[in-house]
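**Q** Got a predicted structure plus its sequence, pasted below:
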Amino acid sequence: MSASNTTVNPRGAEPGAAPETAAHERRRPESGDPVFEVSDLSIVYGTNRAVRDVDLKVDPQRITAMIGPSGCGKSTVLRTLNRMNDLIPGARVEGRVTYHGEDLYAPEVDPIEVRRRIGMVFQKPNPFPKSIYDNVAYGPRINGMRGNMDEIVEESLTKAALWDEVKDKLKDNAFALSGGQQQRLCIARTIAVNPEVILMDEPCSALDPIATLKIEDLMYELASEYTIVIVTHNMQQAARVSDRTAFFTASVDEAGDRFGNLVEYDETATIFSKPADQRTEDYIAGRFG
Ligand SMILES: Nc1ncnc2c1ncn2[C@@H]1O[C@H](COP(=O)(O)OP(=O)(O)OP(=O)(O)O)[C@@H](O)[C@H]1O
């Protein structure tokens, strides 16, 4: 899949136009059970019930996008999928999140192991202040992974579409890389511990358009092996890369409290061409958000 036909969606720029992207032409077998099933999910920060009543399923080896206006809870929901909210003081998850049918929040579940299997890439590239090689090798080392470390590093960098650019300078500090390269290094670091799922929280928002297209192409390649869930502000990006899209919005309850909720979740082509809810249509058309 080349950059040109993966990422150029001539109709994507038109609000409300049906995306005609490779992502939607992709024919994957419906491979059985969902990876995640989220039901009646609410997330509370202190006394603020920030996100309410979310239900959604994430299919394997698909790219699922979460879109919606600022503050509607996309990142909060994403973080429940690998228990990153556990790290936020005062955050509480209510409802049910299963991973391959098992309760992700059961007391016997080890959150460290959860985060190995369900990796995360953040908005700002955050390599460690170490060499390129050591950034990738870090996870396998602390996880006690056996095998030839040079091979693990090469394979991870290759899968992250970075190997050719860095193979002659593996000992250089990661901070010497461009922003886009640093983000691909962070993806390589995530891949190196052999996850099943990659969560991406606005992975391109700090990148220029060329670096963004590279990451989008990379996501497409990675989806043949990994399940990807991406939060993005960029509707065109969701239209270009994702198979399914969840649209969230912020609502206000009777007491005047603002909360995020899931409005609609469907095939990306449907969300962008025939959304069922007027709020989705208004957002896609750029009327708010
Ligand atoms: N660490 C936190 N502590 C307290 N409240 C939080 C925290 N993180 C998020 N919130 C609140 O949860 C709500 C949803 O925020 P969240 O960042 O998930 O939304 P978002 O849709 O991802 O927003 P954006 O697109 O601006 O990143 C907001 O009201 C926010 O203030």
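**A** It's in.

**Q** Tell me who's in contact with residue 276.
**A** By Cβ atoms under 8 Å, 6 or more residues apart in numbering, the residues touching residue 276 are 264, 266. For the C-beta atoms, the positions are set from N, CA and C on the backbone; glycine is no exception.

**Q** do you know how far it is from residue 289?
**A** Using Cβ to Cβ, to the nearest Å, we find residue 276 at a distance of 18 Å from residue 289.

**Q** and if you look at residue 162?
**A** Taken as Cβ to Cβ, the span from residue 162 to residue 289 is 33 Å.

**Q** Residue 174 now?
**A** Taken as Cβ to Cβ, the span from residue 174 to residue 289 is 35 Å.

**Q** neighbour count winner among those two?
**A** For residue 174 versus residue 289, neighbours defined as other Cβ atoms under 10 Å are more numerous around residue 174 (23 against 17).

**Q** what does this structure have sitting close to the ligand?
**A** Residues of the chain lying close to the ligand (Cβ under 6 Å from any ligand atom) are 45, 50, 68, 70-76, 88, 233, 260.

**Q** Compute the number of surrounding residues for the closest residue to residue 159 other than its chain neighbours.
**A** In this structure, residue 159 finds its nearest non-sequential neighbour in residue 191, 5.3 Å apart by Cβ to Cβ, 6 or more residues apart in numbering. Neighbours of residue 191 under the rule other Cβ under 10 Å: 24.

**Q** Correct me if wrong: residue 191 contacts residue 158.
**A** No. Here residue 191 lies out of contact with residue 158, judged by Cβ atoms under 8 Å, at a distance of 9.6 Å.

**Q** Quick check: buried residues in stretch 69-87?
**A** Residues 72-85 are the ones in stretch 69-87 that count as buried (16 or more other Cβ atoms under 10 Å).

**Q** gap between that stretch and the chain center?
**A** With Cα atoms, centre = their mean, to the nearest Å as the basis, stretch 69-87 stands 11 Å off its chain's centre.

**Q** pLDDT wise, what is residue 175 at?
**A** We have a pLDDT of 97 for residue 175.

**Q** helix, strand or coil for it?
**A** Following DSSP: H, G, I helix; E, B strand; the rest coil, the label given to residue 175 is helix.

**Q** residue contacts, it?
**A** 127, 129, 182.

**Q** quick one: it and the ligand, what's the gap?
**A** Distance of residue 175 to the ligand, given as Cβ to the nearest ligand atom, to the nearest Å: 25 Å.

**Q** Buried only: go through the contacts of residue 175 for me.
**A** For the contacts of residue 175, a neighbour count by 16+ other Cβ under 10 Å gives the buried set as 127, 182.

**Q** Dump the contacts of residue 175 to CSV, plus distance to residue 104.
**A** Listed next are the contacts of residue 175 as CSV, based on distance: Cβ to Cβ, whole Å:
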residue, distance to residue 104
127, 28
129, 32
182, 30
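
**Q** So which of the contacts of residue 175 sit within strands?
**A** Using DSSP state E, no member of those sits in strands.
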